[in-house]
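>>> mind folding the following:
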Amino acid sequence: MLKHLLREIGRSWASPPKQRQPANVHAERQQRFVSGTREEQRALATELRLMLDGHPDDLIGWTLLGDWSLSLGALSDAEDAYRRGLGLSPTHARAQEGLGLALLKMGRLEEANHRLEAAARAEPMNSDIWTHWGLVDLEMRRIDAAADKFQRAVERDPNNAHAWHNWGITSYRQGQADRAIEQIQRSLALKPEHGLAYSNLALALRRSDRLDEALAAAERATQLKRDSARVWVVLSDLHIDRADFQQAEQALARALQIDSSHVGTYVGRGKLFTAMRRYAEAEAAYRQALVLEPGQADAEGGLAEVQLLLGQWAPGWDLHEARRRTDSSPVRDMPLPEWDGQPLPSGTGLLIHSEQGMGDIILFASCIPDLLTRGIHCVIEVRPRLHALFVRSFPGATVIPNEGNDRSLAWLPAHESIAQHVPIGTLPRWLRRTDEAFPRHTGYLRAAPDRTRAWRQRLDAELPPGGPLIGIAWKGGLAMTAKHQRSLGLPQLLAALAPTGARFVNLQYGDVDAELAAAQRNLGVNIHPGLSGYGDLDDVAALTAACDGIVTVCSTQAHLTGALGHPGLVLVPSNPSWRYGATGTTSPWYPSLRSIRQSASGDWATALDLAAEWVAQQSFAGVIEHADANTLSC
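So this is what the prediction gives:
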């Protein structure tokens, strides 16, 4: 679970502020310091400190000593030296900047912010000061403010590689992967040997689903920064995405060799072992990370995923709250008290706000009927694509269409009845803590009956007569969410299902027209285009309900099918998400779905044979059970 090991992010605060022409008396010392070994640098710092005892009014000397101490990691000495300089000149920009950096490294963020603000007032056109000030905002999770400061930095100096790099990091955290790629590439054009920048470029490329380029960037990072455990962890994560577990394990072994106390390495091992279904080892790796850094968000989140995967609901949901503390947390702050699962005062409303992806919103919405049954007035904020479907499905609720990354909350004051809020991903923490808490529902989302009938008539009219209408989806997720492991080729799917005589309907999201045309041309299989790969989820729900059954990979379509209570078969990869469980053929979330699991990574053959058997029943009201991945009884 690497999600956000951007703790280093190429920060220029690892070095002191740039020297701005030190006085001649110190120029020779500075040259010796820059070219010296670590021991020689410590000796020079001691020598300078002794000299300053005899010349306590040497402003440049004190700031230079602060710079050296900061570079050597002697933060208390750096703070003392900068403060001595500021005692001589309270508005001295470089001393304020250096003190701000020292305080930042010590975690004293409010003080650091104050000092860097003072430095920017003293030298408002100094690009480095704006860059360092932006780093404070990053640590304080004020992402928009950080982006503004990095932009100001590059406006003042377009050749500031660190400003471009860190601006790219803020864009990444804002979910703007393509913009992040462009900005980090600008940084690398100015500083081509910056290994950490290549590592972060790899993460941005990965988020943009450019996995081959991401892997090349990660490998370049390990060439430039071979002694950094972090870059090897990033490389391992990309190998996991490609299901190349042996290469991932080798990269993590290298990281462990470099730094046996690097928390990210143990988080990476936890993710790798989870993907390899070595769950006990995964849990041990995450727990070791938490020994090294108690409360570390990625480690707690990874451990939560293992526990949820194994059906350990109560501890899993409690640790799932760690997602709030990741660098790119999907959970927004709200100016309201948070609901803790207890009864609400009569007449008050509960705001349920969206987070994460479309499939997760549908999954967690299974808890909303519980709240409505309790008489709680729910105000549900969802993505616009889900708005009409949720309005129909939850008639007792108020549904607000709003993008999940919108932090303005301009609509909130209009709903005065709201007393408390809860992120939608927290609902199971209060409502699904045991197996018995999962209801055997027949569907909690409702497709539009008129549109469902219209779709059925159209499908029957536009497809030749024959077997059952089967909706299909064969790709799911992004590179960073195991797309390459949970997806398969359309020809591979059709080769298994076409002999059943079924008629096929496209439910795959995205532009797949070329794939549909190739299936017709090369395989002679006519697939109805459906919504041509796009559409409002209300229309997709109607199209789904118009089919007799659904065969899909792990994707939003699987969640939608199950939430509608419609018969569906889910092709589950060998390293499943916690949403589909580690074993079994049934889902506690969706009683109408059945799972067929890969027996080995990359091998869909057996699973597809079983899927064909399922389709060949031509009746989707029965119960399908199988004891393991190689047995299916109808």
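
>>> any idea which helix or strand in this protein has the lowest mean pLDDT?
When each helix and strand of the chain is scored by mean pLDDT, DSSP states H and E, helix 483-486 comes last, with a mean of 78.

>>> counting by contacts, list what the following helix or strand past that one packs against.
Using DSSP states H and E, the next helix or strand after helix 483-486 towards the C-terminus is helix 490-497. Packing partners of helix 490-497 (3 or more CB pairs under 8 Å, 6 or more residues apart in numbering; DSSP states H and E): strand 469-473, helix 513-518, helix 605-615. C-beta here means a position set from N, CA and C on the backbone, and glycine is covered the same way.

>>> what's the angle from helix 490-497 to helix 605-615?
In terms of direction (axes from the mean of the first three to the mean of the last three CA atoms, to 10 degrees), helix 490-497 departs from helix 605-615 by 50 degrees.

>>> report the distance from the very next helix or strand once past helix 490-497 to the chain centre.
Heading C-terminal from helix 490-497, the first helix or strand you meet, by DSSP H and E, is strand 503-506. Centre-to-centre, strand 503-506 and its host chain are 32 Å apart (CA atoms, centre = their mean, to the nearest Å).

>>> ok, residues contacting strand 503-506?
The contact list for strand 503-506 (CB atoms under 8 Å, 6 or more residues apart in numbering) reads 459, 463-464, 466-472, 494, 497, 512, 516, 525-533, 543, 546-547.

>>> strands of this protein, start to end?
Assigned by DSSP state E, the strands in the chain fall at 349-353, 377-382, 398-401, 418-423, 469-473, 503-506, 527-528, 549-553, 568-572, 593-597.

>>> mean pLDDT, distance to Ala81 and mean neighbour count for those - can I get that in CSV?
Formatted as CSV, those follow (pLDDT from 0 to 100; distance: least, CB to CB, whole Å; neighbours: other CB atoms under 10 Å):
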stretch, mean pLDDT, distance to Ala81, mean neighbour count
strand 349-353, 94, 47, 23
strand 377-382, 94, 51, 23
strand 398-401, 93, 54, 18
strand 418-423, 94, 45, 20
strand 469-473, 96, 62, 25
strand 503-506, 96, 68, 24
strand 527-528, 96, 71, 20
strand 549-553, 97, 60, 26
strand 568-572, 97, 60, 27
strand 593-597, 96, 62, 23
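
>>> including distance to Glu123, could those strands go into TSV?
Output for the strands of the chain, formatted as TSV (distance: least, CB to CB, whole Å):
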stretch	distance to Glu123
strand 349-353	42
strand 377-382	43
strand 398-401	45
strand 418-423	42
strand 469-473	57
strand 503-506	60
strand 527-528	64
strand 549-553	56
strand 568-572	58
strand 593-597	62
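
>>> contacts for stretch 111-129?
Contacts to stretch 111-129, defined as CB under 8 Å, 6+ apart, come from residues 12, 17-18, 91-94, 96-97, 99-101, 103-104, 130, 132-133, 136-137, 140, 153-154, 156-157, 160, 162-163.

>>> list only buried entries from those.
Among those, the ones that count as buried by 16 or more other CB atoms under 10 Å are 12, 17, 92-94, 96-97, 99-101, 103-104, 130, 132-133, 136-137, 153-154, 156-157, 160, 162-163.

>>> now the helices for the stretch 251-400 of the chain?
Counting by DSSP state H, counting those that start in this stretch, the stretch 251-400 of the chain has helices at residues 263-275, 279-292, 297-309, 313-320, 358-364, 368-373, 387-393.

>>> endpoints of stretch 338-356, how far apart?
Using CA to CA, to the nearest Å, one end of stretch 338-356 lies 18 Å from the other.

>>> show me the shaky parts of the stretch 301-450 of the chain.
For the stretch 301-450 of the chain, the stretches with pLDDT under 70 are 404-407.

>>> circling back to that earlier point, out of the helices of the stretch 251-400 of the chain, which is the most enclosed?
The highest average neighbour count among those, using mean count of other CB atoms under 10 Å, belongs to helix 263-275 at a mean of 27.

>>> just give me how far it sits from the chain centre.
Distance of helix 263-275 from the chain centroid (CA atoms, centre = their mean) equals 16 Å.

>>> what mean pLDDT does it get?
What helix 263-275 shows for mean pLDDT is 97.

>>> ok, residues contacting that helix?
By CB under 8 Å, 6+ apart, helix 263-275 touches 1-2, 5, 7, 229-230, 232-233, 236-237, 240, 243, 245, 248-249, 252, 255-256, 259, 279, 281-283, 285-286, 288-289, 292-293, 296, 298-299, 302-303, 305-306, 309, 482, 575.

>>> go on, stretch 395-410?
Outside stretch 395-410, the residues that touch it by CB under 8 Å, 6+ apart are 174-175, 330, 332, 334-335, 349, 353-356, 361, 368, 372, 377-384, 387, 390-391, 411, 415.

>>> rerun at 7 Å
For stretch 395-410, contacts defined as CB atoms under 7 Å, 6 or more residues apart in numbering pick out 175, 332, 354-355, 368, 372, 378-384, 387, 390-391, 411.

>>> now do the buried residues in it.
Buried residues in stretch 395-410, counted by 16+ other CB under 10 Å: Ala397, Thr398, Val399, Ile400, Pro401, Asn402, Gly404.

>>> same check, this time on stretch 337-351
Trp339, Leu344, Gly349, Leu350, Leu351.

>>> next one: the residue lying closest to Lys225 once chain neighbours are set aside, what pLDDT does it get?
Among residues not flanking Lys225 along the chain, Gly195 sits closest, at 2.8 Å (CB to CB, 6 or more residues apart in numbering). pLDDT recorded at Gly195 is 94.

>>> surely Gly195 meets Val231?
Yes: contact criterion CB atoms under 7 Å: Gly195 and Val231 qualify, at 6.0 Å.

>>> are any of the contacts of strand 503-506 buried, and which?
Neighbour counting by 16+ other CB under 10 Å classes 459, 468-472, 494, 497, 512, 516, 525, 527-528, 530-531, 533, 543, 546-547 among the contacts of strand 503-506 as buried.

>>> could you check how far Asn113 is from Ser171?
Computed as CB to CB, to the nearest Å, the Asn113 to Ser171 distance reads 22 Å.

>>> picking that back up, residues in contact with the residue nearest to Lys225?
Counting by CB under 7 Å, 6+ apart, Gly195 touches Ala221, Leu224, Lys225, Ser228, Val231.

>>> please redo it, this time with the cut-off set to 8 Å
By CB under 8 Å, 6+ apart, the contact set of Gly195 is Arg220, Ala221, Thr222, Gln223, Leu224, Lys225, Ser228, Val231.

>>> can I get these in a markdown table with distance to Leu427 and neighbour count?
A markdown table is the format used below for these (distance: CB to CB, whole Å; neighbours: other CB atoms under 10 Å):
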| residue | distance to Leu427 | neighbour count |
| --- | --- | --- |
| Arg220 | 43 | 21 |
| Ala221 | 39 | 25 |
| Thr222 | 41 | 20 |
| Gln223 | 46 | 11 |
| Leu224 | 45 | 16 |
| Lys225 | 42 | 20 |
| Ser228 | 40 | 20 |
| Val231 | 38 | 30 |
